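Asker: sequence and predicted model, in that order:
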Amino acid sequence: MTRPDPNLYDYWPYQGRPKIEWPGGKRLAFWIAPNIEYYEFDPPPNPQRQPWPRPNPDIIGYSQRDWGNRIGHWRLMDLLDKYGMRGSISLSIGLIDHHPEIIEACKARNWEFFSHGIYNTRYSYGMDEAQERAVIEDSIKSVQDATGDRIRGYLAPALTHTERTLDLIAEYDFWYSCDLFQDDQPQPLKTRTGKLVSMPYSLEVNDVITYSVQGWSPQRYTDILIRHFDQLLEEGEESGTVMCIPLHAYLVSQPHRLRVFEDALKHIAAHRDDIWITTGAEIAEHFREHYWDQSLADIKVRGVTTGGTGFAPA
Amino acid sequence: MPLPDDYLTYPHRSHGMDQDLYDWDPADRRAPVQLASGVKAMATIVIPLEFFPLNPPGEPFKHPGAMKTPYPDLRHFTTRDYGNRVGVYRLLRALETVSLKATFAVNAEIARRYPPLIEAVRTAGHEIAAYGVSTAHIHHAGLSGAEELALIENTRKAFPNARTWMSPARNQSFKTLDLIRQSGFDICLDWEMDQRPLAMGTKAGEIHALPLMNELGDFKLLLDRSQSEDEWADQILEAARFHIDEHEQRGAQCFAFTLTPYAAGQPFRMHAVRRILDGLANMDGLAVATAAETVDAFSETKT
């Protein structure tokens, strides 16, 4: 049986929300999420989605993504270093085994890791609960073994979900999900257990959407990032907003794009005094500590509470 | 097997239209009309508030904004829902800043699910138009009369006072106009065959078609065709200027365009929205008005 409404969060009008203030009185929490992914050369089929646009092996698709790991990622890391920005890595967990050098370099920079599934060519569709748990447990353990860090965030592989996904990650004490795009501020999610925050991941300014789906030029992407930032910074005066730039080195680090993209970072960094340049887990932690209860209370008064939990209405 | 013989018979092949909903009335054969207010052209902003269920039936087709990936497509569900909880409030504020009123076309499902949103729209003094049950309840010729009537009654219940109707995906059956007129709607945003409100005949009386320009749609231009925000804003402002400039020749005309909250209400598009609204609000000879105000203004015209 399918449902018309996931019931994962309650309706909450954007206007008139109680104020969120980020640490240091900052108006906008800014984070960058480089997706560091591994796409398999000859992945198995999933009944609901083919892994590649062409039959395996899809040479252009595969090698372009590998270029992202061999060349692009290192350029992007240099660029973020230049602006003193840390990445929150949306990680294909399998990459830890393939390319530990990348993990070491990110760890040395104190970047955050969160799970983006095992491979970006293995989808959640059709998994039973035990299989989904196995992916989550593998994610936690593999990052812990490699880095000593406990992951707190989740973005389902290739944005593929089951009805259980968010309940399960909440149960494993994840702090935030990047899977939902309904807001520019964090919000409590209605999971069976835990305290899971819906973290704004700004999908509309994700470089896959802008370069590949929309087909926008490098300059246009930069213009859009600047306008997106300016609007959210202005609104952050009333109540703190979140902007994420989700990136893929195989796209943004292309030689014809990276320096144009840098202009957006330059613009954002110039507002350093007004913004909190941070990571996904730090935003989630701050929100859970200071604004979780305030948000629920305001949703109750000014929003629409429907009770129940995700895919389990009252 | 060739096609049947009657494939080459043309029962409606005569002067005028091949249906009897309205008459053929070409632009250069009609007298220009003048609005009592003296304005040369009118523009209507239509803001759709839509519910996109996670499990759309796809009958008889999937709404252009509907889910795209396998169930549960949380990505598109939440991307659309963004419009109803965040984007629309940006649009409301931008309209308030320049004191413009719009027509909000609202799915009955939205009215039931999000009362605070309807309250905000009403309090600000905008028109509320009925927009069917949801994007998954498309009116089409495959429905029985009773099935379609039930959809309209369900919608009417959510909007007891609305005069204006828009069908989900602007799709109709052959019976839709009769049924919505019978239910008391006298303005419809589905048909765009003229540049003035055009009275169409139904079994229950006249219903006025206000031209909502498909070619100016923000979803179509920005998402389907990937045009830039600047190109989009330029085209809307040009449409308004064109009608002002054509006034001397053709008299008063009107057009409507959409601001879709999940598209236009994105942070990076608000600068273009502000440019459109500022431009229209300050354009000499133009009045921005709701669908109902526009239809009423044109029903009092003089030739």
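Answerer: Here it is on my side, so go on. Residues are numbered from 1 along each chain as shown, chains lettered A, B, ... in the order given.

Asker: pull out the buried residues from stretch A:145-158.
Answerer: Judged by neighbour count using 16 or more other Cβ atoms under 10 Å in any protein chain shown, the buried positions of stretch A:145-158 are A:146-147, A:149, A:151-158. C-beta: built from backbone N, CA, C; applies to glycine.

Asker: oops, could you answer that again for stretch B:192-204 instead?
Answerer: Applying a neighbour-count criterion of 16+ other Cβ under 10 Å, the buried positions in stretch B:192-204 are B:192, B:194-200, B:202, B:204.

Asker: can you tell me which two in these are farthest apart?
Answerer: B:Q195 and B:A204 (25.8 Å; Cβ to Cβ).

Asker: would you list the phi and psi of the spatially most central residue of chain A?
Answerer: Note on chain A: the residue nearest the mean C-alpha position is A:C178, at 4.3 Å, using Cα atoms, centre = their mean. Dihedral pair for A:C178: phi -100, psi 10, per degrees, to the nearest 10.

Asker: can you check what pLDDT the model gives it?
Answerer: The per-residue pLDDT reported for A:C178 equals 98.

Asker: surely it touches A:S88?
Answerer: No: A:C178 is beyond contact range of A:S88, at 9.1 Å (criterion: Cβ atoms under 8 Å).

Asker: shared neighbours, the two?
Answerer: Where contact means Cβ atoms under 8 Å, 6 or more residues apart in numbering or on different chains, the residues bridging A:C178 and A:S88 through contact with each are A:33, A:114, A:153, A:280.

Asker: ok so, going back, B:V39: which of the buried residues of stretch A:145-158 is nearest?
Answerer: Within these, proximity to B:V39 (Cβ to Cβ) peaks at A:L155, which comes in at 51.3 Å.

Asker: got the contact list for the closest one?
Answerer: Taking Cβ under 8 Å, 6+ apart as the definition of contact, the neighbours of A:L155 are A:33, A:90, A:114-116, A:177-179, A:201.

Asker: how many residues are close by residue 118?
Answerer: Looking at chain A here, since you left the chain open. The local packing of A:I118 (other Cβ atoms under 10 Å in any protein chain shown) involves 22 other residues.

Asker: wrong chain, I was asking about chain B
Answerer: Neighbours around B:I118, by other Cβ under 10 Å: 19.

Asker: how about whichever helix or strand it is part of and chain A, touching?
Answerer: For B:I118, the element it lies in under DSSP states H and E is helix B:115-123. Yes: applying Cβ under 8 Å from any Cβ of the partner chain, one finds helix B:115-123 touching chain A at B:115-117, B:120.

Asker: tell me which residues are up against that helix.
Answerer: Outside of helix B:115-123, the residues that reach it under the criterion Cβ under 8 Å, 6+ apart are A:11, A:13, A:15, A:302-304, B:49, B:84-85, B:88-89, B:92, B:104, B:106, B:110-111, B:128.

Asker: give me the pLDDT for A:M1.
Answerer: Predicted confidence (pLDDT) at A:M1: the value is 89.

Asker: that one and B:H137: what is the separation?
Answerer: A:M1 sits 19 Å away from B:H137, taking Cβ to Cβ, to the nearest Å as the criterion.

Asker: who has more neighbours, the two?
Answerer: Neighbours of A:M1 and B:H137, each counted by other Cβ under 10 Å, are more numerous for B:H137; the result is 26 against 5.
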